[in-house]
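[1] Test case, fold it:
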Amino acid sequence: MYKLVVVVAAGLALAGCGGTIFSLAVDPPGKTKDYFLKCLQSNRFLPDSASKASASEVAARLTEGIVPTQYAPASNTGYTIEAETGEIEALRRQPGYVNRFLDCYVAPVRATDLKGRLLRGQIVAALLAQYASATLIAKERATKPDDAATIIFHIRRAALHLMSVSPEALESLYLLRKEDIPLKSRPGPAAARDLAALVRLSLPNFHNAQRTAAVFDIGTDIARIDGRFVTNTAGTIFDVVSTTAVSGGFNPSVVPKLQGLVEAAVAGLSLAAQSQWYGSAFIRDAQESLLVDMSDTRDIGLLWLAWQSRINAACESLKAVTDTRAKPCEPTAIEMADYIKREYPGHPYLDALQERAALDIRKK
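    Predicted coordinates:
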C-alpha cells in the first residue's frame, strides 16, 4: 500500500482532461524533473527503455501486483519450491509491483517491514480521503450524498483491514495497554498468538491483496466523482479480488474488469497529487513519517494518531454532505473486534478490544 496527496479543489492545477498518468503526474509535487519515471525504472516497475507510460500500462503492472503471476521455471528442476533452499523466504522479501510503485510515489519501505507498509497504506488513505472531501464539496452533483456515503464506507473498510494487523494502531487508537495483550503463544486451539506470527501465517498474500484493494478503491471513487476520468466498469477492486476466495481460485476473465478499476484508481491517485502547495507538503510529511526513523524505536503509534486525525477531519466534511448521523470513518472498538473475530481467530488483541468496547458502552 502506498502513495499521494491532497488539496482544496479550487487550488488544483490540473492538466488536460483524459491524460495519461504521466501527463498528469510525471513528477509528483516536490520532486525534481523526471524523478518519478526514473524512480519507477530504477525500481524495476517499468523497463529502462520506457520514455513514458499510459495509465492503462501502469494499471496493468499494478494489477500484476495485486494478483501475482507464477511462471514456469527455466530449468528442469520442477515446480516444487524447497523450503530448505530459502526460496520461500526470498519470495516473502521480494517487493511486488504495488510496493515498487509506492516506493517512488511516497517513500521506500522494505518489503519485509510490515509496520512501515501498513503505515504507508494509512497515509495513502488519509491523502485520498482529504482530496475526496475537498473535491466532492466543490462539485455540483445530484449524487453528492450517495458519493459521500460510498467514500466513507470505503475509508472505513480500508481502516479495518489496515488497523487490524497493526499493534501500534490498535494500541494507540483504542487506548489499549500493552500489558493487557498476550504476546506469547499458549497451548490450546484457541490460544492467542503473537500478532506478527499470526499475520505471517494467516493467508498473508490474500489479506495483503485485500488491504491494497480497499485503499485503492478510494482512488477509484475520486476518479468517478471528478468527471475527468470515467470508468464504465461497475463494482470495486476489493470485490473483484475478494471473490477469488469464494470462487475456488482466480478467474482470468475478470482481469480486464480489474485492470479497468485499477486504472481509475491510478487516475484518482494522480489527481490527489496535483496541488503544488498542499501536494508537496503532504508527500514530505509522508516521507518524514516513514523515513525519519526507520528503527524499531520510532513512535509508530503517534504517527497513526496523526494521520488518522486527518482522515477523521476529512470524514466530518463528507458526513456533512451525506448525513451527519453517518458512521465515522474510524471503526469503533466493537466493530474492530467483530472484524478481527471473523478474519483472524486467535488474534491477541481481541479480548482487550472487547473489554474496551464494553467500557465505551458503559460510558454512553
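[2] For stretch 114-130, list the C-alpha coordinates in PDB.
    Extracted in PDB, the C-alpha atoms of stretch 114-130 (Å, rounded to 0.1, in the frame of the first residue of the first chain):
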ATOM      1  CA  LEU A 114       5.100  -4.700   7.600                       C
ATOM      2  CA  LYS A 115       4.800  -1.900  10.100                       C
ATOM      3  CA  GLY A 116       6.100   0.600   7.600                       C
ATOM      4  CA  ARG A 117       3.900  -0.800   4.800                       C
ATOM      5  CA  LEU A 118       0.700  -0.600   6.900                       C
ATOM      6  CA  LEU A 119       1.500   2.900   8.000                       C
ATOM      7  CA  ARG A 120       2.100   3.900   4.300                       C
ATOM      8  CA  GLY A 121      -1.300   2.400   3.500                       C
ATOM      9  CA  GLN A 122      -2.800   4.600   6.200                       C
ATOM     10  CA  ILE A 123      -1.000   7.600   4.800                       C
ATOM     11  CA  VAL A 124      -2.400   7.000   1.300                       C
ATOM     12  CA  ALA A 125      -5.900   6.500   2.700                       C
ATOM     13  CA  ALA A 126      -5.500   9.900   4.500                       C
ATOM     14  CA  LEU A 127      -4.300  11.700   1.400                       C
ATOM     15  CA  LEU A 128      -7.100  10.300  -0.700                       C
ATOM     16  CA  ALA A 129      -9.700  11.000   2.000                       C
ATOM     17  CA  GLN A 130      -8.700  14.700   2.200                       C
END
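[3] Tell me the secondary structure at residue 36.
    helix (DSSP: H, G, I helix; E, B strand; the rest coil).
[4] Please report how far the residue lying closest to residue 334 once chain neighbours are set aside lies from residue 332.
    In space, residue 334 comes closest to residue 357 once its chain neighbours are excluded; the distance is 3.7 Å by C-beta to C-beta, 6 or more residues apart in numbering. Using the backbone N, CA and C atoms, a C-beta is placed for each residue, glycine as well. Plainly put, residue 357 is 7 Å away from residue 332 if you go by C-beta to C-beta, to the nearest Å.
[5] now swap in residue 322 and tell me
    Residue 322 is 19 Å from residue 332, by C-beta to C-beta.
[6] Ok, residue 326 next?
    Distance from residue 326 to residue 332, counting by C-beta to C-beta: 13 Å.
[7] What of residue 124?
    In this view, residue 124 and residue 332 are 23 Å apart by C-beta to C-beta.
[8] Looking at those two, which one has more neighbours?
    Counted by other C-beta atoms under 10 Å, residue 124 and residue 332 do not tie: residue 124 has more neighbours, with 29 against 16.
[9] any idea how far residue 360 is from the more buried one?
    28 Å.
[10] Residue 219 now?
    Distance of residue 219 to residue 360, given as C-beta to C-beta: 32 Å.
[11] out of these two, which sits in the more crowded spot?
    The neighbour comparison of residue 219 against residue 360 (other C-beta under 10 Å) goes to residue 219, with 30 against 14.
[12] pretty sure the residue nearest to residue 334 contacts residue 341?
    No: with contacts counted by C-beta atoms under 8 Å, residue 357 stays clear of residue 341, the gap being 11.3 Å.
[13] Which one of those two is surrounded by more residues?
    Taking other C-beta under 10 Å, residue 357 and residue 341 do not tie; residue 357 has more neighbours (18 against 13).
[14] chain center to the helix or strand encompassing the more buried one: distance?
    Element membership for residue 357, per DSSP states H and E: helix 350-363. Relative to the chain's own centre, helix 350-363 is displaced by 27 Å; criterion: C-alpha atoms, centre = their mean, to the nearest Å.
[15] Sort out which residues of it are buried, please.
    350, 352, 353, 354, 356, 357 (16 or more other C-beta atoms under 10 Å).
[16] Tabulate those residues in JSON lines, adding columns for pLDDT.
    Formatted as JSON lines, the buried residues of helix 350-363 follow (pLDDT from 0 to 100):
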{"residue": "350", "pLDDT": "92"}
{"residue": "352", "pLDDT": "91"}
{"residue": "353", "pLDDT": "93"}
{"residue": "354", "pLDDT": "92"}
{"residue": "356", "pLDDT": "91"}
{"residue": "357", "pLDDT": "89"}
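[17] between those, which is nearest residue 32?
    Closest approach to residue 32 among these (C-beta to C-beta): residue 353, at 45.0 Å.
[18] Hmm, residue 339 and that closest one touching each other?
    No: in this structure residue 353 lies outside contact range of residue 339 using C-beta under 8 Å: 9.7 Å.
[19] Any buried residues in the longest helix seen in the chain, and which?
    Scanning the chain for the helix with the most residues, using DSSP state H, yields helix 114-138. Applying a neighbour-count criterion of 16+ other C-beta under 10 Å, one finds 114-136 buried in helix 114-138.
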